[in-house]
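Asker: Test case, fold it:
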Amino acid sequence: MGHKKRDAGLNNLDNFAINMWSLQMKKYLTVISSFIVMLCLGSMFAWSVIARELANDFGFSLSKTQLVFGVFFTFFPITMLLAGKLERKTGPKLLFLISAALFTGGYLLSSLSGGSYPLILTGMGVLSGAGTGFGYLAALTVPARWFPQRKGLITGIVVAGFGLAAVFFSFFAEHLLNSGKSVLETLKIIGLSYGAIVTVMALFIYNPQGYGEEDRVKIDYSFLRTRAYVKLLIGFFMGTFAGLLVIGSLTAIGAQNNIENHILVLGVSGFALANFLGRILWGFLSDYIGSNLSVLLALTFQAISIFLIGHITLTPSLYLLFAALIGFGFGSNFVLFARETAQLFGLKNFGSIYPYVFLGYSLAGILGPVTGGLLYDLLNDFSLPTAIAAGMSLIGALVANLFKKSQPV
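Answerer: Below is the predicted model:
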């Protein structure tokens, strides 16, 4: 009898250990799969590489290519509103699958367009943007549920993949282009490859054990009338408007200063790498000094960097330096405003409320790149656009530090 009790106890202990191991594996697999999905979906940050080829092959103006960039960053945040509601009902796996289908469909439509601008706008702007919204929402919100005490760092790590994506995309695209592939063939290969990866990653994302209906609270829309929400919305809009105005025109800014093509590609990669590091470091820092002070420091840093890249004569070294500095500042927007949303409204509400904060990015997505493109086409100079962007970033830094949660509008 004693042996049986002892054996039963050992079996229970073994089962407990196996369950704990399984739980730990799911926790880290969720973070890893989310990071990899972000690494695929963030490829639009290297749009300037594709835009250059579209301009060369089909005569697209800067304002036209920037409109594609802007439409992408409009549909991406808007789709997150639907994704947030769907994730509460179905969980994150379906969102990854929808993301893969739309993302790949957008790239394939563009690759079959024959250079038709409306089809490229629809494929790369609308479909790819919508696909990114579904995947981004799941990849951003689910890992934070596993690490409630380190949400700044975990959010920073996951969204860092989105920033790092441009490094891989730019080198992958350049490799395909240099091997003789046309820009449309390049889009086809990338779309199919990335879509397959996102589909596989759907197998490895999990909600925490016990996360169920009681956690999927019904959203209370009264938050839209709080100053906490308004400050997040405006601050996020200002900070990302500034960055997006410059990012889509990064190669054009370098070309204006007679920077060679291979340096321009390195600039995009340098921006992306710094964007990646910025998201992790600002997230880590915010867990210690808070989001408000972090936003003030980050957006001020971004403003200074953007102003300088448009108002000094750039050597190749300076171009690479300022591209990286802008990326480091810009990356902060995506971890700090997310962390502050979770802090103010709670992790249970994060997946429902953050898409509404992200609407600021939607507006910035259409206005920032198009403003930069139109002003450059008009003036043939980036001094005024970068001055406007720097001013917007500073305003965002101040607005984000004005209000407290309890204050109504």
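Asker: only C-alpha atoms for contact and neighbour calcs from this point on.
Answerer: Noted.
Asker: could you say what helices and strands the host helix or strand of L244 packs with?
Answerer: Assigned by DSSP states H and E, L244 belongs to helix 227-247. For helix 227-247, the packing partners by 3 or more CA pairs under 8 Å, 6 or more residues apart in numbering; DSSP states H and E come out as helix 291-309, helix 316-330, helix 332-345, helix 347-357, helix 359-379, helix 383-399.
Asker: distance between that helix and the chain's centre?
Answerer: Centre-to-centre, helix 227-247 and its host chain are 13 Å apart (CA atoms, centre = their mean, to the nearest Å).
Asker: average pLDDT for that helix?
Answerer: Averaged over helix 227-247, pLDDT sits at 91.
Asker: burial count for A100?
Answerer: When neighbours are defined as other CA atoms under 10 Å, A100 has 31 of them.
Asker: After the helix or strand containing it, which helix or strand is next?
Answerer: Per DSSP H and E: A100 is located in helix 92-111. Going down the chain from helix 92-111, the next helix or strand is helix 117-120, by DSSP H and E.
Asker: Skip ahead from that following helix and say which helix or strand is next.
Answerer: Following helix 117-120 toward the C-terminus (DSSP H and E): helix 128-146.
Asker: what's the angle between that following helix and helix 92-111?
Answerer: For helix 128-146 against helix 92-111, the angle by axes from the mean of the first three to the mean of the last three CA atoms, to 10 degrees is 160 degrees.
Asker: chain center to the helix or strand following helix 128-146, what's the gap?
Answerer: Downstream of helix 128-146, the next assigned helix or strand under DSSP H and E is helix 151-178. Averaging C-alpha positions (CA atoms, centre = their mean) puts helix 151-178 9 Å from its chain's average.
Asker: Report all helices and strands that helix 151-178 contacts.
Answerer: On a contact count with 3+ CA pairs under 8 Å, 6+ apart, helix 151-178 meets helix 2-41, helix 47-58, helix 128-146, helix 183-201, helix 261-289, helix 332-345.
Asker: show me the contacts for G161.
Answerer: G161 sits next to F35, I36, V37, M38, L39, G42, F276 when contact means CA atoms under 8 Å, 6 or more residues apart in numbering.
Asker: most neighbours, which of the residues you listed?
Answerer: In terms of neighbours by other CA under 10 Å, the contacts of G161 top out with V37 at 31 neighbours.
Asker: picking up where we left off before, the helices and strands packed on helix 151-178 into a markdown table, with extra columns for mean pLDDT and distance to L233?
Answerer: Converted to a markdown table, those look like this (pLDDT from 0 to 100; distance: least, CA to CA, whole Å):
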| stretch | mean pLDDT | distance to L233 |
| --- | --- | --- |
| helix 2-41 | 70 | 22 |
| helix 47-58 | 89 | 25 |
| helix 128-146 | 93 | 17 |
| helix 183-201 | 96 | 29 |
| helix 261-289 | 86 | 19 |
| helix 332-345 | 89 | 9 |
